[in-house]
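Below is the sequence, then the predicted model.
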Amino acid sequence: MLTYIFERQEKHQTRHIGRGRGSAERPKHEIITVRYQMIAVARQNKPLRNCARPSVWRAYVSDAPAEQLTLEQAVLTYRNEWLVEHGFHRLKGTPLSLNPLFVQRDDQVAGLTNLLSLAVRFLTLIEFVVRRNIKRNQEKLTGLIEKQSQKGHRQPYRRATIEAV
């Protein structure tokens, strides 16, 4: 699909074997460094047109019975998976951080991880309730941006929700 032209570049270096300064009688060896430099790249249109488009497949796995969760519902639910993973992402950054982990014993690591996972669950629950009430009451949440305190948000983003709660 692509045609390219390159050149091989070699760099020869002579070095003394061992440490220290060299002398006339000291053994030497040659180091050859090879580098390939791309000179030109051209696209071949004919092979690109003949190339079949690859199919994209996704596998969705669930333990929910088909009567409870249809394929369409499973796909739509999976598309929102970033919401679930965002909670775990918080454990790596602010405001709930596992980095750096200043504990020494294994039971401390397990305890801190359990405590922070509970904090993520509470934070997510609080966000859900705030978002639901804002939507239900058709209100705007103000005071989230420092220099624009009067600006309201109908669907505040995650960091703004954390500061508001």
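Here it is on my side, so go on.

Neighbours of the closest residue to F88 other than its chain neighbours, how many?
Of all residues not flanking F88 in the chain, V120 sits nearest, at 7.4 Å (C-beta to C-beta, 6 or more residues apart in numbering). C-beta coordinates here come from the backbone N, C-alpha and C atoms, glycine included. Each residue near V120 was counted by other C-beta atoms under 10 Å, and the total is 16.

Isn't V120 up against H89?
No. If you go by C-beta atoms under 8 Å, V120 and H89 don't touch, sitting 9.6 Å apart.

If you count neighbours, what's buried in the longest helix along the chain?
The helix spanning the most residues in the chain, taking DSSP state H as the definition, is helix 106-137. Neighbour-count burial for helix 106-137 flags V120, L123, T124, E127, I134 (criterion: 16 or more other C-beta atoms under 10 Å).

right, and the helix or strand after it?
Proceeding N to C from helix 106-137, the next assigned helix or strand is strand 141-142, under DSSP states H and E.

residue boundaries of the strands in the protein?
2-16, 28-43, 141-142, 152-153 (DSSP state E).

Who are the packing partners of the second one?
Spelled out, it's strand 28-43. Judged by 3 or more C-beta pairs under 8 Å, 6 or more residues apart in numbering; DSSP states H and E, the packing partners of strand 28-43 are strand 2-16.

List of residues touching the strand it packs on?
Contacts to strand 2-16, defined as C-beta atoms under 8 Å, 6 or more residues apart in numbering, come from residues 22, 26-44.

Name the strands paired with it and say parallel or antiparallel.
strand 28-43 (antiparallel) (DSSP bridges).

average pLDDT for the strand it pairs with?
Throughout strand 28-43, pLDDT has a mean value of 88.
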